[in-house]
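K.L.:
mind folding the following:
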Amino acid sequence: YQKHAHLKGNPIWISEAARQYRVLPQTLWKWVKAGYIKQVGTKGNKTLIDEADVAYCVEIYRKRGKPGRILFNPDGTPYKSKTEHMTAHG
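P.N.:
Just a heads-up that it's a prediction; the model follows:
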């Protein structure tokens, strides 16, 4: 997350973030509803979100994303399966 700290507090529209980071708006909405991306405001029917959160989530998604795969723990940290834990610790 530190890698994207310079973007913290930078508001971006969901549609703009979807274009810029090349992910589906529905995916961003799912992350907002799950609490992984902070909503920082609204203007009319547009929703502003924190760009640092978007950059972080997209990075994890690109590294690990597969349909139906769990990407995050409830606290927003990257999810590791039990097999990943075993291979990481020998």
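K.L.:
can you name every helix or strand that the longest helix that the chain contains contacts?
P.N.:
The longest helix of the chain (DSSP state H) is helix 51-64. Contacts defined by 3 or more CB pairs under 8 Å, 6 or more residues apart in numbering; DSSP states H and E place helix 51-64 against strand 11-13, helix 14-21, helix 25-34. C-beta coordinates here come from the backbone N, C-alpha and C atoms, glycine included.
K.L.:
looking at the ones you listed, which is buried most?
P.N.:
strand 11-13 (a mean of 18; mean count of other CB atoms under 10 Å).
K.L.:
quick one, the longest helix of the chain and helix 14-21 angle?
P.N.:
Between helix 51-64 and helix 14-21, the angle comes out at 50 degrees (axes from the mean of the first three to the mean of the last three CA atoms, to 10 degrees).
K.L.:
tell me which of the helices and strands packed on helix 51-64 sits nearest to residue 59.
P.N.:
With respect to residue 59, and counting by CB to CB, the nearest of those is helix 14-21 at 9.3 Å.
K.L.:
what residues does the closest one touch?
P.N.:
Applying CB atoms under 8 Å, 6 or more residues apart in numbering, the contact partners of helix 14-21 are 12, 23-25, 27-29, 32, 46-47, 49, 51, 54-55, 58.
K.L.:
for stretch 4-13, same thing?
P.N.:
Under CB under 8 Å, 6+ apart, the answer for stretch 4-13 is 20, 40-41, 46-52, 54-56, 59.
K.L.:
distance between the ends of it?
P.N.:
17 Å (CA to CA, to the nearest Å).
K.L.:
mind listing what's buried along that stretch?
P.N.:
For stretch 4-13, a neighbour-count test (16 or more other CB atoms under 10 Å) marks 4, 10, 11, 12, 13 as buried.
K.L.:
can you get me a residue count around residue 49?
P.N.:
Residue 49 has 24 neighbouring residues, counting by other CB atoms under 10 Å.
K.L.:
what sits closest to it if chain neighbours are left out?
P.N.:
The shortest distance from residue 49 to any non-neighbouring residue, by CB to CB, 6 or more residues apart in numbering, is to residue 37 (5.1 Å).
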